[in-house]
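Chemist: Sequence first, predicted coordinates after that:
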Amino acid sequence: MKVAVDAMGSDYAPEEIVLGAIQAANEYQCEIVLVGDQTKIQEVLDKVNNWDSQRISIHHASETIEMHEHPGAAVRKKKDASIVVATRLVKEGLCNAVVSAGSTGAAVAAALFGLGRIPGVERPTIATPIPNLTGTTVLLDSGANVDGKPKHLVQSAIMGSIYAQYILDIKTPRVGLLNIGEEETKGNEQALATYPLLKQLQTVNFIGNVEGRDIPKGTVDVVVCDGFVGNVVLKFGEGLSSVIMQLIKETIKNSGILTKLASLMIIPALKNLKQKLNYAEYGGAPLLGVNGCFIICHGSSKAKAIKNAIRVANEFTQNKVVEHIGENIAQEGVVTSASEE
């Protein structure tokens, strides 16, 4: 297993990216190709003693795509950008997967141009794991397509179900359509048109409409929506979990001595809660639908998140998720190619 890591992506590149790659190489016994400015990457490696030169290598890329740049135009123009080069290594068969914490738009564009789509998939989708009361819910799309049509949501349902089955080890994932109510007659035109298509699927355990509150409750394993709605849900959840933890800290800080003493007893539980809500524990979100393994990380990813993203890339590749998606999309061909009207 060899993973191409965009070492110039994220707010903390290349230091945290390189450190995460080293941790992954040591823990998962995989090979890592760090793609980016060779001088800057080597400077980080020189500060670390425990990295294995047999598992860590550098592939120089002279350019970087910045967050403010137009994704498609930048990918076309900057042929030697780290994210473009990392994707090319997978396309050429030199690596098995790509991990990047750079611009999400650039990641999607690089994957589409460099890897292409799985036959039958019209648009790729970002599948983001979200912690719930009982485990994890996969939300998709969380930002790849802001104007998804019904057939795109159907394809997302198939891909999300496969991901939950082979990566989260859920034998028969419950798939729901995010809506404003559970009734089949609820929702906008997009939801009303998508519902009957989802009901026709043979390879997906569609349980009907679900509401936003069902995501943290864990009553559904896969939630399908377009990228605009999904990204809003994701960012709201991130902000809410952060605020809750901060409010707990402030409440304890401003309380009396008895409350502060009592809080010492629940510190381990609070640490466990914080860990469960931390996106770094989940590593990254796969871009499903492209013809290869492409893991997109949070822009603020540090070493731990990168390490876990590489773990996800390993599991994704070893479980042949791309192949399974292709098989199921082909099996459901009549439904997934249905008109969006």
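Modeler: Thanks, I have it.
Chemist: Which segments of this structure make up each domain?
Modeler: 1-115, 121-282+320-341 (automatic domain parsing).
Chemist: Just give the closest residue to S300, not the sequence neighbours.
Modeler: Once flanking residues are discounted, S300 sits nearest to D11: 5.3 Å by C-beta to C-beta, 6 or more residues apart in numbering. From N, CA and C alone the C-beta is placed, and that goes for glycine too.
Chemist: Checking the one you found next. Helix, strand or coil?
Modeler: Look at D11: counting by DSSP: H, G, I helix; E, B strand; the rest coil, its state is coil.
Chemist: Against I207, how distant is it?
Modeler: Plainly put, D11 is 38 Å away from I207 if you go by C-beta to C-beta, to the nearest Å.
Chemist: quick one: which of those two has more around it?
Modeler: I207 (18 against 13; other C-beta atoms under 10 Å).
Chemist: Double-check the more buried one against L177; I have them as touching.
Modeler: No: contact criterion C-beta atoms under 8 Å: I207 and L177 do not qualify, at 9.1 Å.
Chemist: Nearest to S301, out of the domains of the chain?
Modeler: Set against S301 and scored by C-beta to C-beta, those come closest in domain 1-115, at 4.2 Å.
Chemist: Give me the distance from the closest one to the chain's centre.
Modeler: Mean-position distance between domain 1-115 and its chain equals 16 Å (C-alpha atoms, centre = their mean, to the nearest Å).
Chemist: likewise stretch 157-172?
Modeler: Relative to its chain's centre, stretch 157-172 lies at 14 Å (C-alpha atoms, centre = their mean).
Chemist: Dump it to PDB, restricted to CA.
Modeler: The C-alpha coordinates for stretch 157-172 follow below in PDB (Å, rounded to 0.1, in the frame of the first residue of the first chain):
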ATOM      1  CA  ALA A 157     -27.300   6.700  -1.600                       C
ATOM      2  CA  ILE A 158     -25.800   3.700  -3.300                       C
ATOM      3  CA  MET A 159     -22.300   4.900  -2.800                       C
ATOM      4  CA  GLY A 160     -22.900   5.900   0.900                       C
ATOM      5  CA  SER A 161     -24.400   2.500   1.600                       C
ATOM      6  CA  ILE A 162     -21.400   0.700   0.200                       C
ATOM      7  CA  TYR A 163     -19.000   2.900   2.200                       C
ATOM      8  CA  ALA A 164     -20.900   2.300   5.400                       C
ATOM      9  CA  GLN A 165     -21.000  -1.400   4.700                       C
ATOM     10  CA  TYR A 166     -17.300  -1.900   3.900                       C
ATOM     11  CA  ILE A 167     -15.600   0.800   6.000                       C
ATOM     12  CA  LEU A 168     -17.900   1.200   9.000                       C
ATOM     13  CA  ASP A 169     -18.800  -2.500   9.000                       C
ATOM     14  CA  ILE A 170     -22.500  -2.000   9.100                       C
ATOM     15  CA  LYS A 171     -24.000  -5.100   7.400                       C
ATOM     16  CA  THR A 172     -27.300  -3.500   6.200                       C
END
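Chemist: Could I get the average pLDDT for that stretch?
Modeler: Mean pLDDT, stretch 157-172: 94.
Chemist: And the contacts of it?
Modeler: The contact list for stretch 157-172, computed with C-beta atoms under 8 Å, 6 or more residues apart in numbering, reads 121, 125, 127, 129, 135-136, 138, 140, 173, 175, 177, 198, 201, 203-206, 221-222, 224, 286, 288-289, 312, 315-316, 319-321, 324-325, 328-329, 332, 336.
Chemist: For it, buried residues please.
Modeler: 157-168, 170 (16 or more other C-beta atoms under 10 Å).
Chemist: repeat for stretch 9-29
Modeler: Going by 16+ other C-beta under 10 Å, stretch 9-29 has these buried residues: 9-10, 12-25, 28.
Chemist: returning to what we had before: give the PyMOL command for selecting the buried subset of the contacts of stretch 157-172.
Modeler: Buried residues within the contacts of stretch 157-172, by 16+ other C-beta under 10 Å, are selected in PyMOL with:
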select buried, resi 121+125+127+129+136+138+140+173+175+177+198+201+203+204+205+206+221+222+224+286+288+289+312+315+316+319+321+324+325+328+329+332+336
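Chemist: Among the contacts of stretch 157-172, name the ones in strands.
Modeler: Within the contacts of stretch 157-172, residues falling in strands by DSSP state E are 125, 129, 136, 138, 140, 175, 177, 205-206, 222, 224, 286, 288.
Chemist: Looking at the residues you listed, which one is closest to V33?
Modeler: Distances from V33 to the ones in strands among the contacts of stretch 157-172, taken by C-beta to C-beta, are shortest for P286, at 18.9 Å.
Chemist: With K78 as the reference, measure out to that closest one.
Modeler: From P286 to K78 the distance is 24 Å (C-beta to C-beta).
Chemist: And V84, by the same measure?
Modeler: Distance, V84 to K78, by C-beta to C-beta: 6 Å.
Chemist: Ok, S255 next?
Modeler: 53 Å.
Chemist: The two: which has the busier surroundings?
Modeler: Using other C-beta under 10 Å as the criterion, S255 and K78 rank with K78 on top: 21 against 13.
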